[in-house]
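Colleague: Everything below, folded, please.
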Amino acid sequence: MPGDVAGALVDLVAGEAVRISERPRSHVRAPDKPVGVDCPLGLPGPVRRVRGIGTAWQRAAIIDGHVVQGSAYATLERAEGSARKPWSHYLSRPGVIETVGRTRWNELAGAFCASQQAADALDMGGIARQAADRVQRNARAAGHPALRTARTNLRWVVVLEPCDPSPVGIRFAVHGDELRVLSMTAAEASPSRLAAVAEDLALHDWLVTVLLEVTRKAAIGVLPRDEVIARLLPAIDYLLHLWLPRSGDDEIARVLWAVLEGRVGFSRQWNTLVNRIRDQVAAGAVAALSSAARA
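Modeller: Model (predicted):
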């Protein structure tokens, strides 16, 4: 869908302008919306229970007119005192969740990075899903999607502390079909900037995941070539042109992608899948030309 229609779909905050960009690709993003939270933060055991109270930022985006992304992020800070304050205090600090209890930051970061979390723990992924759900409900009038895929979820944690300006201790893990976890340590940086870097990584991990699934379902070498190509066409039409990692316009993104490319090989895997799809199209074209020549 065009940018103005996409802008209307992601408009989650009345009176706030939607950000629309056409370079290097179409990207329509809703303004950040504060969402209140008051829940445990996921540390194990009743003795080490830490509670978080405050607001998280929530936003949604549509990439290239057809990929929906929901996102949520917050900065955790130690509360002054143990008493719960009026909501007016927390609303005056949007995007900040105050921790109540004995807070150890490395321990808390480790709890967020765990693959399994308590049912009542802070669920930033749930806040992000709410944003994506709303956009998709609004988009139903546009018709059925040409390529319906499963969602993936990137949970990311950055421990801010004085150190080298470049991020260190970068860890990326894949848990099952849906959850990915990114953790690292960095010097103080804008939370919105860190969120944008994480959103870009989440998009590209999702692209690799979807392309793997599309090629698997195409049953290359099993089904007739025409049917294989027909199953690959949605990926050709809607996915292959979206691979544009933000590895050059931001120092944190540059270091992060350098580490991930070396350890995980995102681009190598993407290029392998793209070449396999293009080989199928080329083989189909050669076969069609040979049939036409014989006729």
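Colleague: Skipping adjacent residues, who's closest to L211 in space?
Modeller: Excluding its sequence neighbours, the residue lying closest to L211 (Cβ to Cβ, 6 or more residues apart in numbering) is L273, at 4.7 Å. In short, each C-beta sits where N, CA and C put it, glycine included.
Colleague: Next up, phi/psi of that neighbour, please.
Modeller: The phi/psi pair for L273 (degrees, to the nearest 10) reads phi -70, psi -40.
Colleague: Need the per-residue pLDDT for it.
Modeller: L273 carries a pLDDT score of 96 in this model.
Colleague: now do E22
Modeller: Note on E22: pLDDT of 84.
Colleague: Where do the strands of this structure begin and end?
Modeller: Applying DSSP state E to the chain gives strands spanning 19-21, 27-29, 33-40, 51-63, 67-73, 75-78, 96-100, 153-160, 168-175, 179-186.
Colleague: closest one to I127 among the ones you listed?
Modeller: Among those, the nearest to I127 by Cβ to Cβ is strand 67-73 (3.8 Å).
Colleague: Note down every partner strand of that closest one and its orientation.
Modeller: Counting by DSSP bridges, the strands paired with strand 67-73 are strand 51-63 (antiparallel).
Colleague: circling back: which of the strands of the chain has the lowest mean pLDDT?
Modeller: Lowest mean pLDDT within the strands of the chain: strand 19-21, a mean of 84.
Colleague: Report all helices and strands that that strand contacts.
Modeller: Counting contacts by 3 or more Cβ pairs under 8 Å, 6 or more residues apart in numbering; DSSP states H and E, strand 19-21 is packed against helix 3-9, strand 27-29.
Colleague: nearest to S247, of the strands of the chain?
Modeller: Closest to S247 of these, according to Cβ to Cβ: strand 168-175, at 13.7 Å.
Colleague: Could you say which of the helices and strands packed on strand 19-21 is packed most deeply?
Modeller: Across the helices and strands packed on strand 19-21, the average number of neighbours (mean count of other Cβ atoms under 10 Å) peaks for strand 27-29, which reaches a mean of 23.
Colleague: what's that strand packed up against?
Modeller: helix 3-9, strand 19-21, strand 51-63.
Colleague: Just give me how far that strand sits from the chain centre.
Modeller: Offset of strand 27-29 from its chain centre (Cα atoms, centre = their mean, to the nearest Å): 14 Å.
Colleague: and that strand, which strands flank it?
Modeller: Note on strand 27-29: by DSSP bridges, its sheet partners are strand 19-21 (antiparallel), strand 51-63 (antiparallel).
Colleague: so can I have JSON lines of the ones you listed showing mean neighbour count?
Modeller: Output for these, formatted as JSON lines (neighbours: other Cβ atoms under 10 Å):
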{"stretch": "strand 19-21", "mean neighbour count": "14"}
{"stretch": "strand 51-63", "mean neighbour count": "23"}
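Colleague: can you give me the offset of stretch 221-241 from its chain's centre?
Modeller: With Cα atoms, centre = their mean, you get 25 Å for stretch 221-241.
Colleague: ok, and for that stretch, which residues are buried?
Modeller: R225, V228, I229, R231, L232, P234, A235, I236, Y238, L239, L240 (16 or more other Cβ atoms under 10 Å).
Colleague: Spit out the contact partners of the nearest residue to N153 once chain neighbours are set aside.
Modeller: Leaving out its chain neighbours, the residue that sits closest to N153 by Cβ to Cβ, 6+ apart is G125, at 4.8 Å. By Cβ atoms under 8 Å, 6 or more residues apart in numbering, G125 lies in contact with A72, N153, R155.
Colleague: about what we covered before: quick one: closest of the helices and strands packed on strand 19-21 to R148.
Modeller: With Cβ to Cβ, the closest approach to R148 among those belongs to helix 3-9: 17.0 Å.
Colleague: Could you name the helices and strands sitting against that closest one?
Modeller: With contacts taken as 3+ Cβ pairs under 8 Å, 6+ apart, helix 3-9 sits against strand 19-21, strand 27-29, helix 124-138.
Colleague: Can you list the neighbours in contact with it?
Modeller: For helix 3-9, the surrounding residues in contact (Cβ under 8 Å, 6+ apart) are M1, V18, I20, E22, S26, V28, I62, G65, V135, N138, A139, A142.
Colleague: Compare those residues and tell me which has the most neighbours.
Modeller: Counting neighbours by other Cβ atoms under 10 Å, V28 leads the contacts of helix 3-9 with 27 neighbours.
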